[in-house]
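Trainee: Okay, predicted coordinates and the sequence, questions at the end:
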Amino acid sequence: MQIHRLSLADVYAALHTSPHGLSEEEVERRLKEFGPNEISQPHQVSLTRMLFRQFTHFLALLLWVAAGLAYLASSLQPGEGMEMLAHAIVAVIVINALFSFFQEYKAERASAALRQLLPDRVRVLREGKATEAHAREIVPGDLLLLQEGDLVPADARLIEAVFIKVNNAPLTGESEPQSREPDPVGGGSLFEASNIVFAGTTLFSGSGRALVFATGDATEFGRVARLTQEVPQQPGPLQLEIRRVTRVVTVLSLSMGISFFVLGSLIGRTFWQNFIFAIGILVANVPEGLLPTVTLALSMASQRMARRKALVKDLPAIEALGSTTVICTDKTGTLTQNRMDVRVIVSRGAVFRLPEHPRLVDNPFLYDAFRLCNDAVIEGERVRGDPLEVALLQATECLVGKNLPQHPRLFEVPFDPDRKRMTTVHRCSAATATLLTKGAVESLVPICTAVLAAQGVVVLDPIRREEILRAGEALAASGLRVLGFAYREITPIPRAFAPEALEQDLTFLGLVGIMDPPRPEVARAIESCHAAGIRVIMITGDHRLTAVAIGREIGLIRGEAHVIEGA
């Protein structure tokens, strides 16, 4: 069932529900049919088996053999110190096993944090009444009432949405909030649909209603969790190397023991003398100190990572991490602080740098675009919304003050990565409206036919188009994120809004450069990676020149920049 392509009426029909929600009796029936809304726990290894495993891996078995041979030699020829050696080997095995067991047990308990990504209580509409329900009791067909900040408990199709943006980072790793709307989607996969909210994600802004169509293990979040459990565990480089060394030592010890046994027989020594001497050769070649040394080194690394909020589930994985040769990282919020500030405004042919210029050339439409084509909200000390949009609101307050007239939003085309722009339409009077658009400069210039210059509105000829594009590239080359703004007056107000018809013949208002400063610790971290022979690759949706400028600032790029662009 491709629920993202269905109309709202078909969605209700497919899920056998209504705008009033399910009845309590139907919820009980579906709960029995589909099971609780929770992710199945991975197969739990018993504590006994977990402990037993620490005593039976390859190196531990070799040490057990060495201890047994030492005890045998001690019983055959007391007073040679073999008994003390045997006790020491057993102590090494036991201490190391207990230490490794304790580390693995702590990690197993911490890994249960995955289940805490789903909320305990959620608001739903049942029998026409808004109520709270336990997240594990949500069933397909339930009508979720979502608000800003809510954690989505199950995969659901939006049926109402008021400026909704979702944070999909827990599921997809995307740092940028994604716009969502209830309209059916004509194509594409469910995972890419703009009318679907997924379990484990959060509502970044807005509010709405959504119909649940998948719960528990059937959700995308559940599938990802199951895939991580099904991946067979492969031995790491350290484990493979220890196995190799252990085999070499075993073969070498046996060869030497047998050789000296034969040599002793040839020179006339007794069988027991040769046997005890061969055992001594075997025990002497066993690396008793290797196991505790490796475990201690890995545990120290584990503690260092724990202090940096990194959970180590399996100690040998630390060494595998040390074998990393390439790191791919997002830019915004990872390499940078995700704290935006408007630094440059290009308006009516002039360039103004903030905060040096407290006042700008009169351009009220540009300020309207800053604050109206915007989903962020500033309420006193509280700021809600995308950091980039918050920066635009703060710049508006700084430049022209607060308490500006508000014009109701009549229509919105949310930001789309393909279109690279966002458009809103606002009522200005009973008969007129204003269309405001913001986005990538290269996406706005083709739909503009005029530009607001120092002398007023003039035709956007090829020369002026090139000037705007060059100005945007210059800002991007200095490490700024660049946004362009345009507007159009609409008279009369249409009954229906078609983006293709509205987003044409616009007047270009200006552009801004927004700084997202790098994290102070990033340059040092990248230098450490380079010193260790690790390549660091930055992945971003920003302009290539912005990416290159940030890359040079943090030491990621030295010399010629290699940039790969594509969709």
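Mentor: Nice, I can see it. Residues are numbered from 1 along each chain as shown.
Trainee: following the helix or strand harbouring Phe261, which helix or strand shows up next?
Mentor: Assigned by DSSP states H and E, Phe261 belongs to helix 237-266. Under the assignment DSSP H and E, the closest C-terminal helix or strand after helix 237-266 is helix 271-285.
Trainee: contacting residues around the residue most central in space within the chain?
Mentor: By Cα atoms, centre = their mean, the chain has its centre lying nearest to Gly173, at 2.7 Å. The neighbours of Gly173, taking Cβ atoms under 8 Å, 6 or more residues apart in numbering as the test, are Asp330. For every residue, glycine as well, the C-beta is placed using N, CA and C.
Trainee: What residues of stretch 212-227 count as buried?
Mentor: 212-216, 218-222, 224-225 (16 or more other Cβ atoms under 10 Å).
Trainee: just the strands in the stretch 101-250 of the chain please.
Mentor: Applying DSSP state E, counting those that start in this stretch to the stretch 101-250 of the chain gives strands spanning 121-126, 129-134, 143-146, 155-167, 178-180, 196-197, 202-214.
Trainee: Confidence-wise, which of those is weakest overall?
Mentor: Among these, strand 178-180 has the lowest mean pLDDT, at a mean of 85.
Trainee: Which elements pack onto that strand?
Mentor: For strand 178-180, the packing partners by 3 or more Cβ pairs under 8 Å, 6 or more residues apart in numbering; DSSP states H and E come out as strand 155-167, strand 409-416.
Trainee: Let me have those strands in TSV, extended by mean neighbour count and distance to Gly484.
Mentor: Listed next are the helices and strands packed on strand 178-180 as TSV, based on neighbours: other Cβ atoms under 10 Å; distance: least, Cβ to Cβ, whole Å:
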stretch	mean neighbour count	distance to Gly484
strand 155-167	22	21
strand 409-416	18	13
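Trainee: Next one: the residue lying closest to Val312 once chain neighbours are set aside from Leu296, what distance?
Mentor: Nearest non-adjacent residue to Val312, counting by Cβ to Cβ, 6 or more residues apart in numbering: Ser302, 4.4 Å away. Separation of Ser302 from Leu296 (Cβ to Cβ, to the nearest Å): 11 Å.
Trainee: Looking at the two now, which is surrounded by more residues?
Mentor: Ser302 (21 against 12; other Cβ atoms under 10 Å).
Trainee: what's next to the host helix or strand of Ala547, contact-wise?
Mentor: Element membership for Ala547 (DSSP H and E) is helix 544-553. Applying Cβ under 8 Å, 6+ apart, the contact partners of helix 544-553 are 331, 335-336, 473, 476-482, 518, 523, 538, 540, 542, 556-557, 561, 563, 565.
Trainee: Show me how far it is from its chain's centre.
Mentor: Remark: helix 544-553 is offset 22 Å from the chain centroid, using Cα atoms, centre = their mean, to the nearest Å.
Trainee: For that helix, buried residues please.
Mentor: 545-551, 553.
Trainee: Please apply the same query to stretch 90-106.
Mentor: 90, 92-93, 96-97, 99-101, 103-104.
Trainee: Just give me the neighbour total for Pro316.
Mentor: Residues near Pro316, counting by other Cβ under 10 Å: 19.
Trainee: now swap in the one 10 residues further on and tell me
Mentor: The number of residues packed near Val326 is 9, by other Cβ under 10 Å.
Trainee: Would you map the helices across the stretch 451-567 of the chain?
Mentor: 462-477, 499-502, 522-531, 544-553 (DSSP state H, counting those that start in this stretch).
Trainee: Considering those helices, which stretch scores lowest in mean pLDDT?
Mentor: Among those, helix 499-502 scores lowest, at a mean of 80.
Trainee: Now do it: everything it contacts.
Mentor: 413, 423, 425, 435, 488, 490.
Trainee: Out of the residues you listed, flag the one nearest to Thr449.
Mentor: Arg488 (9.6 Å; Cβ to Cβ).
Trainee: Might one say that the closest one is in contact with Ala433?
Mentor: No. At 9.4 Å, Arg488 and Ala433 do not qualify as touching, with contact defined as Cβ atoms under 8 Å.
Trainee: hang on, the earlier thing: nearest to Leu444, of the contacts of helix 499-502?
Mentor: For the contacts of helix 499-502, the nearest to Leu444 is Thr423 (10.2 Å; Cβ to Cβ).
Trainee: Three-state assignment for the closest one, please.
Mentor: At Thr423 the chain is in strand, as set by DSSP: H, G, I helix; E, B strand; the rest coil.
Trainee: can you tell me which residues contact it?
Mentor: Counting by Cβ under 8 Å, 6+ apart, Thr423 has contacts 373, 412-413, 435-437, 499, 502-503.
Trainee: Let me know the closest of those residues to Pro36.
Mentor: Nearest to Pro36 among the contacts of Thr423, with distances taken as Cβ to Cβ, is Glu412, at 37.3 Å.
Trainee: Tell me if I'm right that that closest one and Thr424 touch.
Mentor: Yes. With contact defined as Cβ under 8 Å, Glu412 reaches Thr424; the gap is 5.0 Å.
Trainee: mind checking how far the nearest residue to Ala133 once chain neighbours are set aside is from Arg209?
Mentor: Nearest residue to Ala133 in three dimensions, chain neighbours excluded: Val124, at 5.1 Å (Cβ to Cβ, 6+ apart). Distance from Val124 to Arg209, counting by Cβ to Cβ: 10 Å.
Trainee: Just want to know which of those two has more residues nearby.
Mentor: In this view Val124 and Arg209 are compared by other Cβ under 10 Å, and Val124 has more residues nearby, 23 against 20.
Trainee: how close does that one get to Leu227?
Mentor: 29 Å.
Trainee: ok so, going back, I'd like to know which elements the helix holding Phe261 is packed against.
Mentor: Counting by 3+ Cβ pairs under 8 Å, 6+ apart, helix 237-266 packs on helix 58-76, helix 271-285, helix 290-307, helix 316-321.
Trainee: which other residues reach the last one?
Mentor: Outside helix 316-321, the residues that touch it by Cβ under 8 Å, 6+ apart are 235-239, 298, 301-302, 305, 312.
Trainee: So for that helix, mean pLDDT?
Mentor: 76.
Trainee: got it, and the second one?
Mentor: The average of the pLDDT scores along helix 271-285 is 76.
Trainee: Between helix 58-76 and it, find me the angle.
Mentor: Angle of helix 271-285 versus helix 58-76, following axes from the mean of the first three to the mean of the last three Cα atoms, to 10 degrees, is 150 degrees.
Trainee: So for the residue nearest to the centre of the chain, what's the pLDDT?
Mentor: pLDDT, read off for Gly173, is 70.
Trainee: Gly479: what's its closest spatial neighbour, skipping adjacent residues?
Mentor: Using Cβ to Cβ, 6+ apart, the nearest residue to Gly479 is Ala549, at 3.5 Å.
Trainee: what sits against the residue nearest to Ala133?
Mentor: 21, 130-133, 138, 142-145.
Trainee: quick check, nearest of the residues you listed to Val249?
Mentor: For the contacts of Val124, the nearest to Val249 is Ile138 (57.0 Å; Cβ to Cβ).
Trainee: The closest one against Leu151, yeah?
Mentor: No. Using Cβ under 8 Å, Ile138 is not in contact with Leu151; the gap is 12.0 Å.
Trainee: For the two, indicate the residue with more neighbours.
Mentor: Ranked by neighbour count (other Cβ under 10 Å), Ile138 and Leu151 place Ile138 first, with 28 against 18.
Trainee: Can you tell me how far the closest residue to the more buried one other than its chain neighbours is from Ala156?
Mentor: Of all residues not flanking Ile138 in the chain, Asn37 sits nearest, at 4.4 Å (Cβ to Cβ, 6+ apart). Per Cβ to Cβ, Asn37 is found 11 Å from Ala156.
Trainee: The stretch of helix or strand Glu25 belongs to: which residues count as buried?
Mentor: Per DSSP H and E: Glu25 is located in helix 24-34. Neighbour-count burial for helix 24-34 flags 26-27, 30-31, 34 (criterion: 16+ other Cβ under 10 Å).
Trainee: Identify each buried residue in stretch 477-494, please.
Mentor: 478-488, 490, 493.
Trainee: Also stretch 451-465?
Mentor: So for stretch 451-465, counting by 16+ other Cβ under 10 Å, buried means 451-453, 460, 464.
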